[in-house]
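**Student:** Pasting the sequence and the predicted coordinates here, then a few questions.
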Amino acid sequence: MTATGTFPATRMRRLRAATWRRRLVRESVVTTDDLVYPLFVVEGTNVRDPIAALPGNARLSIDQAVKTAQEAYDLGIPALALFPVVDAKLKDEHGKEAFNPNNLLCRAVSAVKKAVPDIGLICDVALDPYTVHGHDGIFDGDDVVNDATVEVLVKQALVLAEAGCDVVAPSDMMDGRIAAIRTALEARGLVNTMILSYAVKYASAFYGPFRDAVGSRSNLGPKGKHTYQMDAANTAEALREAAIDVAEGADMIMVKPGMPYLDVLAAVKNNINVPVLAYQVSGEYNMIVGAATAGAFDRTAAIHESLLAFKRAGAAAVFTYAAMDVARALRGQK
Ligand code: PBG
């Protein structure tokens, strides 16, 4: 138990009475080092197609993604998370385009790496952008099948890593995929390719705007993603998921969504010794920006406060659609 004094010897307000005092005793801080900016890539040139549900974000053709990557780098953002918006013609039941070494995402990765070599690139490993049904894996009967999906995910991870992706981030929630991907990367000599495991990913309503952005909402069916993504009610299970993936070789663990799951983030952080990241997902960003636009509160202040909450809960870094704005605000350039 913390020793504490009594009033008036102890006045808590003394510590808050001036800016310098608050700065001196501040326990958490948000810097640009904490930010990962998710970016959506489409075919074409000179395309910046605004995403209505993610104000300030757009689907970018590769040339524009390169431009934005340079801006992000200049602002001090350490890494980008790239997501492809795949042409409907290339989607099928099995997500075969995911392991085409010349697919949109692989081309985007090599272009960005060539132009901005020192920004980190993180890519999802999951089949949802590539399947007609929008699920993260392939079907056998009426459910996504685990082991056959893992085989495809390994191929997907390899083409991404070979294109220059620094961090493969399995977000599919299949069992055993971290070990399988690590083994395959080592066998190819890709020893420095990191794995960020979305070990703790909940079946969430908050992914809506993302699914619209990549066109994967389509028709998930009555079960949704509940047979592989986690039940929102569970914390003990999150600790098992994280521990298993660390044992299988994950370098970092993701907890997702973010704000509604800060208790889980703190629990995972306190239970494992690898960096834990969090994702302020599309629905969270949409809510904050929507409320700010409706006049409920100041957008910049609300986003900063939300990121501070992630840091307080133990996040090493946060994926956020506000990353560019936050980095600009931190530079004082608004
Ligand atoms: C796909 C994936 C999703 C998100 C990131 N990767 C959606 C899903 O699982 O359906 C959501 C991110 C967001 O909402 O911002 N595996």
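**Tutor:** Nice, thanks for sending it over.
**Student:** Pull the contacting residues for the residue nearest to residue 254 when sequence neighbours are not counted.
**Tutor:** Spatial nearest neighbour of residue 254, chain neighbours left out: residue 198 (4.4 Å); criterion: Cβ to Cβ, 6 or more residues apart in numbering. Where you see a C-beta, it was placed from the backbone N, CA and C, and this is true even at glycine. By Cβ atoms under 8 Å, 6 or more residues apart in numbering, residue 198 lies in contact with 169, 170, 171, 172, 173, 254, 256.
**Student:** Could you list which of the residues you listed also contact the ligand?
**Tutor:** residue 171 (Cβ under 6 Å from any ligand atom).
**Student:** closest to residue 32 among the contacts of residue 198?
**Tutor:** Proximity of these to residue 32 (Cβ to Cβ) peaks at residue 254, which lies at 19.6 Å.
**Student:** quick one: that closest one from residue 228, how far?
**Tutor:** 15 Å (Cβ to Cβ, to the nearest Å).
**Student:** the more surrounded of the two?
**Tutor:** residue 254 (28 against 21; other Cβ atoms under 10 Å).
**Student:** May I ask you to confirm that that one belongs to a strand?
**Tutor:** Yes - counting by DSSP: H, G, I helix; E, B strand; the rest coil, residue 254 falls inside a strand.
**Student:** from what I can see it touches residue 178, true?
**Tutor:** No - between residue 254 and residue 178 there is no contact under Cβ atoms under 8 Å: 12.0 Å.
**Student:** what do these two both touch?
**Tutor:** 197, 199.
**Student:** Look at residue 122 and tell me its secondary structure.
**Tutor:** strand.
**Student:** quick one: it from the ligand, how far?
**Tutor:** Using Cβ to the nearest ligand atom, to the nearest Å, residue 122 is found at 11 Å from the ligand.
**Student:** Pass me the low-pLDDT residue ranges in the stretch 1-150 of the chain, would you?
**Tutor:** 1 (pLDDT under 70).
**Student:** Can you report how many residues lie near whatever residue of the stretch 1-150 of the chain ends up closest to the ligand?
**Tutor:** Minimum separation of the stretch 1-150 of the chain from the ligand (Cβ to the nearest ligand atom) falls at residue 126, amounting to 3.7 Å. If you count neighbours by other Cβ under 10 Å, residue 126 ends up with 28.
**Student:** cool, the one 10 residues further on as well?
**Tutor:** By the measure other Cβ under 10 Å, the count of residues near residue 136 is 27.
**Student:** thought it was touching residue 220?
**Tutor:** No - between residue 136 and residue 220 there is no contact under Cβ under 8 Å: 10.1 Å.
**Student:** Next one: the residue nearest to residue 217 when sequence neighbours are not counted relative to the ligand, how far apart?
**Tutor:** Distances taken as Cβ to Cβ, 6+ apart place residue 211 nearest to residue 217, at 3.8 Å, with adjacent residues excluded. Residue 211 sits 6 Å away from the ligand, going by Cβ to the nearest ligand atom.
**Student:** Now do the helix or strand where residue 211 lies: which elements does it pack against?
**Tutor:** Applying DSSP states H and E as the criterion places residue 211 in helix 208-214. Counting contacts by 3 or more Cβ pairs under 8 Å, 6 or more residues apart in numbering; DSSP states H and E, helix 208-214 packs against strand 79-84, helix 282-293.
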